[in-house]
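1. how would this look folded up:
(chains A and B)
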Amino acid sequence: KAGVTQTPRYLIKTRGQQVTLSCSPISGHRSVSWYQQTPGQGLQFLFEYFSETQRNKGNFPGRFSGRQFSNSRSEMNVSTLELGDSALYLCASSRDRYGEQFFGPGTRLTVL
Amino acid sequence: KNEVEQSPQNLTAQEGEFITINCSYSVGISALHWLQQHPGGGIVSLFMLSSGKKKHGRLIATINIQEKHSSLHITASHPRDSAVYICAVRLEGGSQGNLIFGKGTKLSVKP
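-> Modelled structure (predicted):
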């Protein structure tokens, strides 16, 4: 069974631009969560999606948004990029909302 | 004060030693996760537990709900165990979708 895949793996953007990251969960998993990891703050919860609905959102500004499609694939979007948005963005999928999470390899975003 | 505290922050051990990493939390939880992150970023889920004890190979995880404390033990440690170990708690109630993470314990096992 294929694992969680994330595209792209690396991304370089400049301040003010926007970016879209993609996550394909393990087949049969309906829950996708997104996390941001930085050296200073560690891992922080961004969003949780289940059945195409955002169920929970972490303490991030409105520039961070996401969605989930009917095939459970998910995208997250960051608009008006800031230097502080440079981070590793991880998604994780689980079969249901509260099960064991399986993480993707992450997308490393650098904002210049 | 962070809601999830791990100790120690850094740990160096000799191959073969018994290792313990601790996690304390201050919120009501529905489950606790132990994660392993190798250099390069990949995260692997080691355990998810809500009570008692779980064992997988040389790894053992325990949780005491009353004391709000969990431990991860590694027996007969090996250099390949070198990684960052992260404790994460899933909140109870309406915010169950949220995971709150500890800062991680960086483990280095020397041959």
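2. near chain A, which residues of chain B?
-> Listed as neighbours of chain A in chain B under the rule Cβ under 8 Å from any Cβ of the partner chain: B:30-31, B:33, B:35, B:41-45, B:48, B:86, B:88, B:90, B:95-104. Yep, even glycine has a C-beta here, placed from its N, CA and C like the rest.
3. those residues in strands, which ones?
-> Using DSSP state E, the subset of those located in strands is B:30-31, B:33, B:35, B:43-45, B:48, B:86, B:88, B:90, B:99-101.
4. which helices and strands does the helix or strand of chain A with the lowest mean pLDDT pack with?
-> One helix or strand of chain A scores below all others by mean pLDDT, DSSP states H and E: strand A:53-57, with a mean of 90. Here strand A:53-57 touches strand A:42-50, strand A:64-68, going by 3 or more Cβ pairs under 8 Å, 6 or more residues apart in numbering or on different chains; DSSP states H and E.
5. tell me what angle it forms with strand A:64-68.
-> For strand A:53-57 against strand A:64-68, the angle between stretch directions is 140 degrees (axes from the mean of the first three to the mean of the last three Cα atoms, to 10 degrees).
6. what comes up buried for strand A:53-57?
-> The neighbour-count check on strand A:53-57 (16 or more other Cβ atoms under 10 Å in any protein chain shown) flags A:55-57 as buried.
7. out of those residues, the closest to residue A:94 would be?
-> Nearest to residue A:94 among those is residue A:55, at 12.1 Å by Cβ to Cβ.
8. confirm for me that that closest one is in contact with residue A:32.
-> No. With contact defined as Cβ atoms under 8 Å, residue A:55 does not count as touching residue A:32 (10.3 Å).
9. may I have the beta-bridge partners of residue B:6?
-> residue B:23 (DSSP bridges).
10. returning to what we had before: PyMOL command to pick out the buried ones of the residues of chain B next to chain A?
-> Selection of buried members from the residues of chain B next to chain A for PyMOL, criterion 16+ other Cβ under 10 Å:
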select buried, chain B and resi 31+33+35+41+43+45+48+86+88+90+95+96+97+98+99+100+101+102+103+104
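11. around chain B, which positions in chain A sit nearby?
-> So chain A meets chain B at A:33, A:35, A:37, A:42-45, A:48, A:50, A:55-56, A:58, A:88, A:90, A:92, A:97-103, A:105-106, A:108 (Cβ under 8 Å from any Cβ).
12. which of the residues you listed count as buried?
-> Among those, those classed as buried by 16+ other Cβ under 10 Å are A:33, A:35, A:37, A:42-45, A:48, A:50, A:55-56, A:58, A:88, A:90, A:92, A:97-98, A:101-103, A:105-106, A:108.
13. in chain A, what residue spans correspond to strands?
-> Under the criterion DSSP E, chain A carries strands at the ranges A:5-7, A:10-13, A:19-24, A:31-38, A:42-50, A:53-57, A:64-68, A:74-78, A:87-94, A:102-103, A:107-111.
14. pLDDT below threshold where in chain B?
-> Scanning chain B for pLDDT under 70 picks out B:1, B:94-97.
15. dump the residue contacts of the nearest residue to residue B:110 once chain neighbours are set aside.
-> Excluding the flanking residues, the one nearest residue B:110 by Cβ to Cβ, 6 or more residues apart in numbering or on different chains is residue B:14, at 5.6 Å. With contact taken as Cβ atoms under 8 Å, 6 or more residues apart in numbering or on different chains, residue B:14 is in contact with B:77, B:109-110.
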